[in-house]
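A.B. asks: Quick one, fold the following:
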Amino acid sequence: MDIKVTPGPNPANGKAVKIVQVADSRKFEVSPRTQSIPSLNEEEIKDSKISSRAIGRKRNGYGKAMGDFQLPEQRTVQDVVREAMTKALREKGYSVVEQGSVAYQNALPLEADIGQLWTYMTPGMWSLTLEFETIVKIKGNVFPTSKEEQIRGYAQMSTQIGSESNYVETMQNGIEDFIKNFKEKLKSAK
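C.D. replies: Coordinates of the predicted model:
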């Protein structure tokens, strides 16, 4: 499963920001009471190489877990959120700088904490519903009325099958919703 957000151009005249940290604080459970709670088996929960890439769980028509959806190796949910944040910031006029850049020292720092990022299936009588939700707490001086905002992204799809491509599409739509909602919360960089 390959999910990639293309950040887009970096305007040279916007306020410079730096994303100094994106933390994954999701809580996984072995047998959650609802499929919207991230779940893995016990060994996978302990392995950050797996949990940092986990984005959903395959389930049969009765809701029983059948396997995991993960990002490709070398990609994490932190990468996806960082790329989505970068895209939103650039589209709002900010210049996102990387460590080593001349502007990095004086750029406004941003931190993000991922509380939820999960794609899940709810079986139904004639179709099933795929849903994606992400909730990210972002701290920094880029909001008009506060220094911290909680940004949510959500998408849902009704389908006949829970194919990998449907999971990918649902997650991509949810990430686009996150980007839109983040941009709405940002003050203008100009």
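A.B. asks: Ranking helices and strands of this protein by mean pLDDT, which lands last?
C.D. replies: strand 65-70 (a mean of 75; mean pLDDT, DSSP states H and E).
A.B. asks: Could you export stretch 77-87 as PDB, CA atoms only?
C.D. replies: Extracted in PDB, the C-alpha atoms of stretch 77-87 (Å, rounded to 0.1, in the frame of the first residue of the first chain):
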ATOM      1  CA  VAL A  77       2.500   7.700   9.700                       C
ATOM      2  CA  GLN A  78       4.800  10.500  10.800                       C
ATOM      3  CA  ASP A  79       6.000  10.900   7.200                       C
ATOM      4  CA  VAL A  80       2.400  11.000   5.900                       C
ATOM      5  CA  VAL A  81       1.400  13.700   8.500                       C
ATOM      6  CA  ARG A  82       4.600  15.700   7.900                       C
ATOM      7  CA  GLU A  83       4.000  15.700   4.200                       C
ATOM      8  CA  ALA A  84       0.300  16.700   4.700                       C
ATOM      9  CA  MET A  85       1.300  19.500   7.000                       C
ATOM     10  CA  THR A  86       3.900  20.700   4.600                       C
ATOM     11  CA  LYS A  87       1.400  20.800   1.700                       C
END
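A.B. asks: if we can go back for a sec, what's downstream of the least confident helix or strand of the chain, the next helix or strand?
C.D. replies: helix 77-91 (DSSP states H and E).
A.B. asks: What mean pLDDT does the helix or strand just after that following helix get?
C.D. replies: Once the chain leaves helix 77-91, the next helix or strand it forms, by DSSP H and E, is strand 95-96. Regarding strand 95-96, the rounded mean pLDDT is 94.
A.B. asks: Sheet-wise, list the partners of strand 95-96 with their directions.
C.D. replies: Strand 95-96 pairs in its sheet with strand 16-24 (parallel), by DSSP bridges.
A.B. asks: Show the average pLDDT along the partner strand.
C.D. replies: The predicted model assigns strand 16-24 a mean pLDDT of 96.
A.B. asks: Give the buried residues for stretch 143-162.
C.D. replies: Using 16 or more other C-beta atoms under 10 Å as the test for burial, stretch 143-162 gives E149, I151, G153, A155, M157, T159, G162. The way it works is simple: take the backbone N, C-alpha and C, and place the C-beta from them, glycine included.
A.B. asks: tell me, which helix in this protein spans the most residues?
C.D. replies: If you go by DSSP state H, the chain has its longest helix at helix 164-185.
A.B. asks: In this protein, where is pLDDT below threshold?
C.D. replies: 1-13, 59-67, 124-125, 160-162, 189-190 (pLDDT under 70).
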